[in-house]
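Undergrad: I would like the atomic coordinates for the input below:
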Amino acid sequence: MNQYFHNMINGIQTVFEGMSITLASMFQGPATVEYPDVDVRSVDSIRVGLKGKRGYKGNLRGMPENYRGILDVDMSICTACLICMKACPIDCIAITNVKCDKRKLQGKNGKPAAQTRAATRFDIDIAKCMFCGLCVEPCPTGAIFHTNEFEMNRDNLEGLILRFVAPEEAEKASKRAAEIAVEQAEKKAALAKEKAAAKGEDS
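TA: Predicted coordinates for the structure are as follows:
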């Protein structure tokens, strides 16, 4: 019997708590931000956009640090290893690579990485992307990362494909890859001649 009355009192109390919040909000002005006319990423622009009224009572601290917005790629530390492309569950990342001169890179995570390939194509279709972050986690250098950018309005679907390798950079990398292939072929031929000469001397 005591439990019954306790539940009844608790139910009445919670109803009054909820209605008190509703009653308080009835006497407050609207806290609507006129997006996209007002840039919601800027505290000052939100206050200016409200034209001096009351002031926006929502979150004025901007986007949180762990917000997963539109992807970006730092090509200066990208090793074109294809790990992010393989990790993507919906194939919105497309990468092609060629051999390049070996060099050591220092990633954003502080870990050193060796680059032996260069990207001739690095495209991300943000129309397909579901912002899961699975491509970001395995990147050895932290080259691919989420930004705080969330605006994706474009004039056409082609504009939703982000291209991080310029055509001239792709052509330069392809030419260097061809030169490396020739150099390696020449080295192999020279080694083969040396071996053949050594065999001839032994006989």
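Undergrad: what ranges do the helices span in this protein?
TA: 2-26, 43-49, 83-87, 167-202 (DSSP state H).
Undergrad: So what's the residue count around the residue lying closest to Tyr67 once chain neighbours are set aside?
TA: In space, and not counting its chain neighbours, Tyr67 is closest to Asn148: 5.4 Å by C-beta to C-beta, 6 or more residues apart in numbering. C-beta coordinates here come from the backbone N, C-alpha and C atoms, glycine included. Using other C-beta atoms under 10 Å, Asn148 has 13 other residues around it.
Undergrad: Hmm, Asn148 is touching Gly69, no?
TA: Yes. When contacts are counted by C-beta atoms under 8 Å, Asn148 is listed as touching Gly69 (5.0 Å).
Undergrad: one step back: and the residue nearest to Tyr67, how far is that from Cys92?
TA: Noted for Asn148: a distance of 19 Å to Cys92, by C-beta to C-beta, to the nearest Å.
Undergrad: For Glu137, which non-adjacent residue is spatially closest?
TA: Nearest non-adjacent residue to Glu137 (C-beta to C-beta, 6+ apart): Ala87, at 7.5 Å.
Undergrad: Touching, the one you found and Gly133? I think so.
TA: No. Assessed by C-beta under 8 Å, Ala87 is found out of contact with Gly133, at 9.7 Å.
Undergrad: can you pull the contacts of the closest residue to Leu162 other than its chain neighbours?
TA: Nearest non-adjacent residue to Leu162, counting by C-beta to C-beta, 6+ apart: Ile124, 4.6 Å away. The neighbours of Ile124, taking C-beta atoms under 8 Å, 6 or more residues apart in numbering as the test, are Leu71, Val73, Cys92, Ile93, Ala94, Ile161, Leu162, Phe164.
Undergrad: Make JSON lines out of those residues and add pLDDT, neighbour count and distance to Asp37.
TA: Below are these laid out as JSON lines (pLDDT from 0 to 100; neighbours: other C-beta atoms under 10 Å; distance: C-beta to C-beta, whole Å):
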{"residue": "Leu71", "pLDDT": "94", "neighbour count": "22", "distance to Asp37": "27"}
{"residue": "Val73", "pLDDT": "95", "neighbour count": "22", "distance to Asp37": "31"}
{"residue": "Cys92", "pLDDT": "95", "neighbour count": "20", "distance to Asp37": "31"}
{"residue": "Ile93", "pLDDT": "96", "neighbour count": "22", "distance to Asp37": "34"}
{"residue": "Ala94", "pLDDT": "96", "neighbour count": "14", "distance to Asp37": "35"}
{"residue": "Ile161", "pLDDT": "93", "neighbour count": "15", "distance to Asp37": "28"}
{"residue": "Leu162", "pLDDT": "94", "neighbour count": "17", "distance to Asp37": "26"}
{"residue": "Phe164", "pLDDT": "95", "neighbour count": "19", "distance to Asp37": "31"}
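Undergrad: Alright, I will stop here.
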